[in-house]
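**Q** need coordinates for the following:
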Amino acid sequence: MQNFALVGAAGYIAPRHMRAIKDTGNHLSVAYDVNDSVGIIDSISPQSEFFTEFERFYEHAQRLKRNPATALDYVAICTPNHLHHPHIAAGLRLGCDVICEKPLVPTPELIDELALVERESGRRVFNILQLRHHAAILKLREKVAQAPADRKFDVELTYITSRGKWYAQSWKGDPRKSFGVATNIGVHFFDMLHFVFGALQRNVLHYSGEAKAGGYLEYERARVRWFLSIDAKDLPDEVKGRKPTFRSIDISGEQLEFSEGFTELHTTSYREILAGRGYGLEDARHCIETVNVIRSARPVRGNADEMHPFVARLA
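**A** The predicted structure is shown next:
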């Protein structure tokens, strides 16, 4: 049994990490968050220590190292995006392997920096890239691999997840902390596209705003028109007022159905990491490079056949 710490225990995704730690037969020794809304711990690991000050958490973790039976083996990180880098580095310097939510970091330069800390500490960083474990994504990847090598698929990716006024007041609505819509809600789609369709060859931004973004990506095996939004006004008429979220991935005329099957993907990710098959820094580099370019690009008017229809309506 391995000893875990969880940094960012009050976050939305933290319960999936708590359950993954428990479901893989391990021990959540200690948790930390600046917020104390962590009652979920009672139903999963009520004996865990909890701190709301990072300095006290860090000192407690250092003292645990004196006894091999209590020393932390892993630190899991679910904090706001801009804190991932310092919390990963702190976990490595505690002598632990680190499991972190996405986006791992905002820039390729910070991946390089973490690689240095990995070498200094002798420990590893693993990124939760759970879509790579989804059965529908694995089936699609196999289909693409079996297709003629010169075939490029035409993909239209649309993801609208409407958010209320609270969003703008949270860290997720602050681009200095979340790094914007394309990074915060798009990075796992961009990782999935790379995982299925190969290396990225072109990256063109057509629209960028506080609540939505769109553009064109061309991979070795696909041409992708994409649109991401947190604005309820972008929902299609058929779901507006009935559902807060619309997700569509059209692949050369066929819908990719993967609305189910997400609940256990964090536990699957943990099992793979613990078995030595986790996704590390270099596995995350491609999607980090993609969102880094999108954040720094100036939107341009795209060709009609490369522009997502929802973006075209904004022009």
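
**Q** how many neighbours does the nearest residue to A31 once chain neighbours are set aside have?
**A** Once flanking residues are discounted, A31 sits nearest to A9: 3.8 Å by CB to CB, 6 or more residues apart in numbering. Yep, even glycine has a C-beta here, placed from its N, CA and C like the rest. For A9, the count of nearby residues is 29 (other CB atoms under 10 Å).

**Q** A9 touches V30, doesn't it?
**A** No. Look at A9 against V30 with CB atoms under 8 Å: they stay out of range, at 9.4 Å.

**Q** you'd agree the residue nearest to A31 is in a strand?
**A** No. Using DSSP: H, G, I helix; E, B strand; the rest coil, the secondary structure at A9 is coil, not a strand.

**Q** for it, give its distance to A76.
**A** 9 Å (CB to CB, to the nearest Å).

**Q** likewise R313?
**A** Taking CB to CB, one finds R313 at 41 Å from A76.

**Q** same check, this time on R123
**A** To A76, R123 is 14 Å away according to CB to CB.

**Q** closest to the mean position in the protein, which residue would that be?
**A** Note on the chain: the residue nearest the mean C-alpha position is K102, at 2.8 Å, using CA atoms, centre = their mean.

**Q** next up, identify which helix or strand that one is on.
**A** Using DSSP states H and E, K102 sits in no helix or strand.

**Q** likewise for the one 10 residues further on?
**A** Counting by DSSP H and E, the element that carries D112 is helix 108-121.

**Q** just Y216 next, same as before
**A** Y216 is part of strand 212-219 when elements are defined by DSSP H and E.

**Q** partners of the helix or strand that that strand is followed by, with directions?
**A** Using DSSP H and E, the helix or strand that follows strand 212-219 in sequence is strand 222-229. Applying DSSP bridges to the sheet, strand 222-229 is found paired with strand 153-161 (parallel), strand 212-219 (antiparallel).

**Q** tell me which other helices or strands the helix or strand following strand 222-229 touches.
**A** Downstream of strand 222-229, the next assigned helix or strand under DSSP H and E is strand 245-251. Packing contacts for strand 245-251, counted by 3 or more CB pairs under 8 Å, 6 or more residues apart in numbering; DSSP states H and E, involve strand 153-161.

**Q** once you drop chain neighbours, what's closest to V30?
**A** Using CB to CB, 6+ apart, the nearest residue to V30 is E49, at 4.2 Å.

**Q** R123 and A76: which has the busier surroundings?
**A** More crowded of R123 and A76, by other CB under 10 Å: A76, with 29 against 19.

**Q** distance of that one relative to S121?
**A** Counting by CB to CB, the gap from A76 to S121 is 17 Å.

**Q** shared neighbours of A9 and A76, which are they?
**A** Counting by CB atoms under 8 Å, 6 or more residues apart in numbering, no residue touches both A9 and A76.

**Q** now the element after whichever helix or strand H188 is part of, going C-ward?
**A** Using DSSP H and E, H188 falls within helix 187-197. Downstream of helix 187-197, the first helix or strand assigned by DSSP H and E is strand 200-208.
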